[in-house]
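A.B. asks: Provide a 3D model corresponding to the input given below.
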Amino acid sequence: MSEPQAGCGVALRPIVGASVLNLRGDHANPGFRWGVVAALGLNPPTAPCTFNYARGRALYWLGPDEWLALLPSMTADVEAALRKAVGERYSVVDVSGAYALFNLAGPDAGKVLRKSSPYDFHSRVFAPGRCAQTVFAKATALVAANADGTFDLMVRSSYADYVRRWIADAAREYGFADA
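C.D. replies: Numbering: from 1, shown residues only. Below is the predicted model:
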């Protein structure tokens, strides 16, 4: 992620070319868990509102038996390997077309998040490795706090332009760059 321009407190850039898979299964089943690890290189997180990240891939906890996998790119081979690894009793669905992905960066990015949602995005609560599904500027979003101090947002594709405009307006007082 590149740094925001000088005098810019908030930068928003789309994440392009990434794929999103919805994964449903039983984490307590060793075959399922190890299948996910073998196919994605990530262990499904079991703690609510957390995610695991490695090699450009992320696996977000959505519920006790549901995760979203974010992959930097997608080939049919990855999806097929995941389906094969977890077995027929579980669900793997490509939902890439349903989501628009953004990265929010800059020293004032957290302030914009706090303006946009009733969720407590203060850094004491929402530390790196945390994610939350929440209302975001009257839309819904999955927001994740990254180790580099940036935030990833996943919103329904139909709300992408609205959310981008909302962030631009909310960030105006801090200086805004739209990449």
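
A.B. asks: point out where this structure drops to low pLDDT.
C.D. replies: Low-confidence segments of the chain, defined by pLDDT under 70, are located at 1-7, 74-75.

A.B. asks: so where do the strands sit in it?
C.D. replies: With DSSP state E as the definition, the chain shows strands at residue ranges 10-14, 19-24, 51-54, 57-63, 66-71, 91-94, 99-105, 131-136, 139-145, 151-156, 176-178.

A.B. asks: nearest to Ser123, out of these?
C.D. replies: Proximity to Ser123 (CB to CB) singles out strand 139-145 among the strands of the chain, at 8.0 Å. From N, CA and C alone the C-beta is placed, and that goes for glycine too.

A.B. asks: partners of that closest one in the sheet?
C.D. replies: Strand partners for strand 139-145, identified by DSSP bridges, are recorded as strand 131-136 (antiparallel), strand 151-156 (antiparallel).

A.B. asks: what inclination does it have with respect to strand 19-24?
C.D. replies: In terms of direction (axes from the mean of the first three to the mean of the last three CA atoms, to 10 degrees), strand 139-145 departs from strand 19-24 by 100 degrees.

A.B. asks: what are the contacting residues of strand 139-145?
C.D. replies: Here strand 139-145 makes contact (CB atoms under 8 Å, 6 or more residues apart in numbering) with 51, 58, 60, 62, 68, 113, 117, 119, 121, 126-134, 136, 151-156, 159, 162-163.

A.B. asks: re the thing from before, quick check: which of the strands paired with strand 139-145 is buried the most?
C.D. replies: Among the strands paired with strand 139-145, judged by mean count of other CB atoms under 10 Å, the one packed with the most neighbours on average is strand 151-156 (a mean of 22).

A.B. asks: what is the burial count for Asp161?
C.D. replies: By the other CB atoms under 10 Å criterion, the neighbourhood of Asp161 contains 10 residues.

A.B. asks: what does Asp169 give?
C.D. replies: Around Asp169 there are 13 other residues, counting by other CB under 10 Å.

A.B. asks: and what of the one 5 residues further on?
C.D. replies: Burial measure for Tyr174: 17 neighbouring residues, criterion other CB under 10 Å.

A.B. asks: now swap in Ala11 and tell me
C.D. replies: Around Ala11 sit 24 other residues, with neighbours defined as other CB under 10 Å.
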